[in-house]
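Enquirer: Next comes the sequence, and after it the predicted model I'd like to discuss.
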Amino acid sequence: MQRSTDRILTTHVGSLARPPDILRGMKARTIKAPYDQVKLAADVERGVADVVRKQVDVGIDIPNDGEYGRHGFVSYIHERLDGLTPRPLEPDEDIWGARADREQQVFPEFFEQYHEHYRYLWMHPDVPIDDVPNLPGNYERFRLSGPVSYTGHAAIQHDIATLTKAVGGLPVADTFMTAVSPLQRVKSDREVLSVYPNEQAYLYALADALHEEYQAIVDAGLILQIDLGVLNPRRAVLQDTRDPTNDDLSNAMQLGVEVVNHALRGIPEEQVRYHHCWGSMNSPHTQDAPLGAIVHHLLKIKAQAYVLESANPRHEHEWMVWQDVKLPDGKILIPGFISPQTNVVEHPELVAWRIKNYVSVVGKENLIAGVDCGFSQFWDSIRVHPSVQWAKLKALADGAALASQDLY
């Protein structure tokens, strides 16, 4: 993984707002309407070439494919795993996760209104969405019908080839590709014991399956970024809705780290980034675990770089955690210095100031400037207007250039 040796390098987290042609195909797939799969594939290939070039043009040193070929950063994996059978939503299914999410329990009135509109706010006007159900982007549900195995070999190779072709000849420091973690579960809890002896066996089976996708990415010379789950145990590991104790959370995080490290076995750490976030929603975030409470678990993950939310006002102050916690030798931090939660474009001088705060505690060579989270984790969940997205990424690059003038 390239380090910031002569200037502060820049990157982002993964998803970028998709153009209308791709949105139309994703929409048709979601509502099960007829669509031209060949055309969508061509639109994605053309879109990836365009989005990589745009990233480089605005000053992003470590780009990706914008996740253009995937309808969501999580739900894409359902198409690459055997042992899962699609099922309809149950009448009383808690699709928004309110029964297990303390944030929604504390602010029920807020979320009642928020869920009604946030996913559609910045949809392209040429893509009507009145016929798209208002459901979370990963609403698709599956039954665990047999042992899990990976069947996405052709799909991941296509993703790799598309991105590699798009990057060819462009001045990039590295190229990354995202993949979901095994802790982002894809089944109903009650189904596990019909296939596996216990929950842990199921998680390790997922890790074995996803290892094949991870290996393909790094074998292609790309940086692998694993997204979500390990350090959010309420979402990813805990099995009930009771209020967990500190020991419950610690044990769940430890299991999560062990499962993810199993999935990463044999993969060089210098080709791995782990993205931890507390959700990119424009919501209160009062129930987020402080970085200081999870940082020691974070550093056990076998990755060279850790991508963290740092522009989110609930977490911006947490650069000071690194005054007391030593970043291990060889590790890199990729804090978010711009936010996908707001359409306010950060001033480059603010970005530079945030960068220099982190440099003061971890050193400039151990820092890459990033973004808190993705701009469109699902095709229909666009966080900011696309024009603002690009202005924000340019502000990130301009701020990194300003900081570099002082630091190098």
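Expert: All right, it came through fine. Numbering: from 1, shown residues only.
Enquirer: how about the helices of the stretch 251-400 of the chain, start to end?
Expert: 291-298, 321-324, 348-362, 386-407 (DSSP state H, counting those that start in this stretch).
Enquirer: I meant the stretch 51-200 of the chain, not that one.
Expert: Taking DSSP H, counting those that start in this stretch as the criterion, the stretch 51-200 of the chain carries its helices at 102-106, 108-117, 153-167, 199-219.
Enquirer: Name the stretch among these that sits most buried.
Expert: Of all these, helix 199-219 carries the top mean neighbour count, a mean of 19, counting by mean count of other CB atoms under 10 Å. All C-beta atoms are positioned from the backbone trio N, CA, C, and that covers glycine.
Enquirer: So for the top strand by length along the chain, what gets flagged as buried?
Expert: If you go by DSSP state E, the chain has its longest strand at strand 141-150. The neighbour-count check on strand 141-150 (16 or more other CB atoms under 10 Å) flags 141, 142, 144, 145, 148, 150 as buried.
Enquirer: just stretch 356-375 next, same as before
Expert: Applying 16+ other CB under 10 Å to stretch 356-375 flags 356-359, 361-362, 364, 366-375 as buried.
Enquirer: For stretch 376-393, buried residues please.
Expert: Quick answer for stretch 376-393 (16+ other CB under 10 Å): 376-384, 386, 388-393.
Enquirer: Throw the helices of the stretch 251-400 of the chain into TSV and include distance to residue 78 and mean pLDDT, thanks.
Expert: Below are these laid out as TSV (distance: least, CB to CB, whole Å; pLDDT from 0 to 100):
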stretch	distance to residue 78	mean pLDDT
helix 291-298	27	94
helix 321-324	36	98
helix 348-362	37	98
helix 386-407	27	98
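Enquirer: Redo the ones you listed as TSV? Include distance to residue 213.
Expert: What follows is the helices of the stretch 251-400 of the chain, written out as TSV (distance: least, CB to CB, whole Å):
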stretch	distance to residue 213
helix 291-298	22
helix 321-324	31
helix 348-362	30
helix 386-407	27
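Enquirer: With residue 244 as the reference, name the closest of those helices.
Expert: Across the helices of the stretch 251-400 of the chain, residue 244 has its closest neighbour in helix 291-298 (12.9 Å, CB to CB).
Enquirer: CA atoms of the closest one as PDB?
Expert: Only the C-alpha atoms of helix 291-298 are listed here, as PDB (Å, rounded to 0.1, in the frame of the first residue of the first chain):
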ATOM      1  CA  LEU A 291     -13.600   5.100  19.200                       C
ATOM      2  CA  GLY A 292     -11.600   4.700  22.400                       C
ATOM      3  CA  ALA A 293     -13.900   1.900  23.500                       C
ATOM      4  CA  ILE A 294     -13.200  -0.200  20.400                       C
ATOM      5  CA  VAL A 295      -9.800   0.900  19.200                       C
ATOM      6  CA  HIS A 296      -7.900  -2.100  20.700                       C
ATOM      7  CA  HIS A 297     -10.200  -4.500  18.900                       C
ATOM      8  CA  LEU A 298      -9.800  -2.500  15.700                       C
END
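Enquirer: Please name every helix or strand in contact with it.
Expert: Secondary-structure packing of helix 291-298 (3 or more CB pairs under 8 Å, 6 or more residues apart in numbering; DSSP states H and E): helix 246-263, strand 272-276, helix 321-324.
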